[in-house]
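In: Fold the following, please.
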Amino acid sequence: MYLKIDPDVEALFPDLKVLVCRIENVTVKATDPGLESFKEEVIREVRDSYDVESVKDEPAFRAYRDFFWKIKVDPTKSRPAAEALIRRVVSGKPLPRINTLVDAYNLASIKTEIAIAAFDADHLRGDLTMRYAMEDERFLGIGMEKPLSLQGGEIVISDEEKMVAIYPYRDAEGSKVTEATRNVLLLFCGVPGISLEKLHEAMRVASDFITRFCDGVAKT
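Out: This is a model prediction of the structure:
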C-alpha cells in the first residue's frame, strides 16, 4: 500500500516524510504477560531518562510541537503522541492498555520519540493520500461518541473511500486495530525536523516489538 502526499501539502512542508510498513498475519490479544513485563523495563528506562518539566524541550518533541502550531493544533492540549505517553510514565501514571499490538507500538513510540499510526489493513481501500481536509468533512476518531465536523485545512489521511486519520495525532474508529485484526498498516509520522533515519529506526523498533509479541511478518 502506497502513501501519496498531495502537492499542496508538499509545497508547504517539503521536508515532511512518512514511512509505511505492513505487518501480516498478526495475532492480537487483550494482554500478554511477557509484554507486561517488557513494559515495566521500558517504564524504568523512561523514568531514568526524562523529566516531566523538560520533556517538551527534547528536539523531536519540539519539532512536533512546532508543526502542530503551524497546522493550528495547540500541542499543550493535543500533545504529540510519544510526548504524551512519556509524560504519563514520568508522572507515575500507568500506560494505557488497549491490546497487545497497540501496546507494542506505543512502546516503540516511547523508545524512539516518533508518532506512529496503525490501521487494520483489511479495513482500508486502495492507496492512502495525505491532503488538506475540506470544510465540513466529517471524522469519527477512536473513542469519539459522534463525528467531528472539520473546519477545512487540517492535514488528514484518506484511503480511496474515507478519511482514516487527522495527521499526526488522531486515527479513525472504523479502521482501528482490534483483537480481530490480522493485517496491520503502520505509518511512521514525520514532521519537518525529524530525520528519515529516525523514522527508519522507529519502523525497525516497532516491527521488532510487534512481531515479538503478536507474531506476523513485516513488509516494507
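In: Could you use CA atoms for every contact and neighbour count after this?
Out: Will do.
In: neighbours around K39, how many?
Out: Residues lying near K39 (other C-alpha atoms under 10 Å) number 18.
In: mind listing what's buried in stretch 18-25?
Out: Of the residues in stretch 18-25, those buried by neighbour count under the rule 16 or more other C-alpha atoms under 10 Å are V18, L19, V20, C21, R22, I23, E24.
In: neighbouring contacts of that stretch?
Out: With C-alpha atoms under 8 Å, 6 or more residues apart in numbering as the test, stretch 18-25 has contacts from 1-3, 121, 182-190, 199-200, 203, 207, 215-220.
In: Taking those residues, please make a ChimeraX selection of just the buried ones.
Out: Buried residues within the contacts of stretch 18-25, by 16+ other C-alpha under 10 Å, are selected in ChimeraX with:
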select :3,121,182,183,184,185,186,187,188,189,190,199,203,207,215,216,218
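In: Now do the strands in this structure.
Out: Here the chain has its strands, by DSSP state E, at 3-5, 18-24, 115-120, 128-132, 138-139, 148-149, 155-158, 163-166, 170-171, 183-189, 217-219.
In: Now the second one - C-alpha only, CSV.
Out: Meaning strand 18-24. Output of strand 18-24 as CSV, limited to C-alpha atoms (Å, rounded to 0.1, in the frame of the first residue of the first chain):
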residue,chain,number,x,y,z
VAL,A,18,6.2,9.5,6.2
LEU,A,19,7.2,5.8,6.2
VAL,A,20,4.7,2.9,5.7
CYS,A,21,5.1,-0.7,6.9
ARG,A,22,2.6,-3.6,6.6
ILE,A,23,2.7,-6.5,9.1
GLU,A,24,0.7,-9.5,8.0
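In: Which one, of the strands of the chain, ends up nearest to D103?
Out: Between D103 and those, the tightest spacing by C-alpha to C-alpha is seen for strand 115-120, at 11.2 Å.
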